[in-house]
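> sharing a model prediction with you, sequence too.
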Amino acid sequence: MGDEDAEEAETDVADIEDVDELDPEDFDPEDLTRTADGELIHEETGLVIEDEQIDPGPEWRAFNHNERQEKSRVGAPTTKTMHDKGLTTTIDWKDKDAYGRSISSKKRSQMHRLRKWQERIRTKDAGERNLQFALSEIDRMASALGVPRSVREVASVIYRRALNEDLIRGRSIEGVSTAALYAACRKEGIPRSLEEISEVSRVDRKEIGRTYRYISQELGLEMRPVDPKKYVPRFSSELELSEEVQSKANEIIETTAEQGLLSGKSPTGYAAAAIYAASLLCNEKKTQREVADVAQVTEVTIRNRYQEQIEAMGIHS
């Protein structure tokens, strides 16, 4: 037994001595581990593959927000939501100096002129002015809809792509920017109906739908059908319904969708009908009118979907 141990020890020593001859490219990537300080090591042999990592962070350390603000020497990160990606200078509208003191009237008029020229030179041609207007429209509508920043970024990227592909020609800037925002909402899983989008837009529902279909097809945006369950929490919240009703509505949608009832139906109307049915089943009755107003569909749509859903569930009204 002692001889076997000695042989194994000799083999291990030989393996360690051969480490220098190993080629890092021969290692299985699954056997490599990245340590907290950035080193890449081979677990079995302990060989360090990479050890000179470039640290892209600042050279200073800060332990709270105030320290970070004081030590930071850079501006805001670049963003697609601004036509110049936020790289140009903006002159503050407050007529104050660096110490917060009011500036003289002569300086005020000078700053006013500088501000005006700064706004003019931020856009060098008609294409940039188009982009500036479109992105400000996207920002305005996104704020009115209360959607998160990620949706604005995605909408801005979609609009930029449409502009580069020359899809704007012959269409209104407002129409394309609204369609881009509608597409971004769907992509980010925060759907808003065309009715909701058209309420904050300067173009009508038909033009939004038509432009959305066009840019979606031309840019190859892969859009899945909207899941009606995505609308349930928002509609239920506006109707002040309980969690129990939401769960029941989701159950109704899942069960009936499995039977093929959802095919070709409007997801907002489908969700509204499920919420209406769930409110009756949970004794938190809401009228069809109340649900229709929140979902922005007609009472007829709710009645039709409701009848189909309760039949599929085997419930007798």
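All right, it came through fine. Since the structure is predicted, the reported quantities are computational estimates derived from the model, not experimental observations.
> what ranges do the strands span in the chain?
32-34, 40-42, 48-50 (DSSP state E).
> output the longest helix belonging to the protein.
Identified as the longest helix of the chain according to DSSP state H is helix 126-145.
> on that earlier part again, could I get the strands of the chain as TSV with mean neighbour count, mean pLDDT and distance to residue 73?
All C-beta atoms are positioned from the backbone trio N, CA, C, and that covers glycine. Shown next, in TSV, are the strands of the chain (neighbours: other C-beta atoms under 10 Å; pLDDT from 0 to 100; distance: least, C-beta to C-beta, whole Å):
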stretch	mean neighbour count	mean pLDDT	distance to residue 73
strand 32-34	13	81	30
strand 40-42	17	82	31
strand 48-50	13	79	29
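> which stretches of the stretch 1-150 of the chain have low pLDDT?
Applying pLDDT under 70 to the stretch 1-150 of the chain flags the ranges 1-25, 36-37, 53, 55-56.
> how about the contacts made by residue 291?
By C-beta atoms under 8 Å, 6 or more residues apart in numbering, the contact set of residue 291 is 235, 239, 272, 275, 276, 279, 302.
> now for those: which two are most distant?
Using C-beta to C-beta, the pair of the contacts of residue 291 lying farthest apart is 239 and 302, separated by 12.6 Å.
> so which bits of stretch 131-145 are buried?
Of all the residues in stretch 131-145, those buried under the rule 16 or more other C-beta atoms under 10 Å are 131, 132, 134, 135, 137, 138, 139, 141, 142, 145.
> I'd say residue 303 and residue 289 touch.
No: look at residue 303 against residue 289 with C-beta atoms under 8 Å: they stay out of range, at 11.2 Å.
> between those two, who's got more neighbours?
Taking other C-beta atoms under 10 Å, residue 303 and residue 289 do not tie; residue 303 has more neighbours (14 against 10).
> mind listing what the more buried one touches?
Taking C-beta under 8 Å, 6+ apart, we find residue 303 in contact with residue 288.
> what ranges does this protein have for its helices?
Using DSSP H, the helices assigned to the chain run over residues 2-17, 65-71, 105-121, 126-145, 149-164, 173-187, 194-200, 205-219, 232-238, 243-258, 267-281, 288-295, 299-313.
> how many residues are close by residue 251?
Residues lying near residue 251 (other C-beta under 10 Å) number 14.
> nearest residue to it other than its sequence neighbours?
Excluding the flanking residues, the one nearest residue 251 by C-beta to C-beta, 6 or more residues apart in numbering is residue 278, at 8.0 Å.
> so for the one you found, what's the pLDDT?
For residue 278, the pLDDT comes out at 93.
> most centrally placed residue in this protein?
Centroid-nearest residue in the chain, with C-alpha atoms, centre = their mean: residue 150, separated by 3.3 Å.
> what distance do you get for that residue to residue 139?
Using C-beta to C-beta, to the nearest Å, residue 150 is found at 13 Å from residue 139.
> so who does residue 304 touch?
Taking C-beta under 8 Å, 6+ apart, one finds residue 273 in contact with residue 304.
> ok, the one 5 residues further on next?
For residue 309, the residues meeting the contact criterion (C-beta under 8 Å, 6+ apart) are 252, 256, 261, 273, 274, 277.
> do the same with residue 196
Residue 196 sits next to 145, 296 when contact means C-beta under 8 Å, 6+ apart.
> try it again at 10 Å.
Counting by C-beta atoms under 10 Å, 6 or more residues apart in numbering, residue 196 makes contact with 144, 145, 182, 185, 234, 268, 295, 296.
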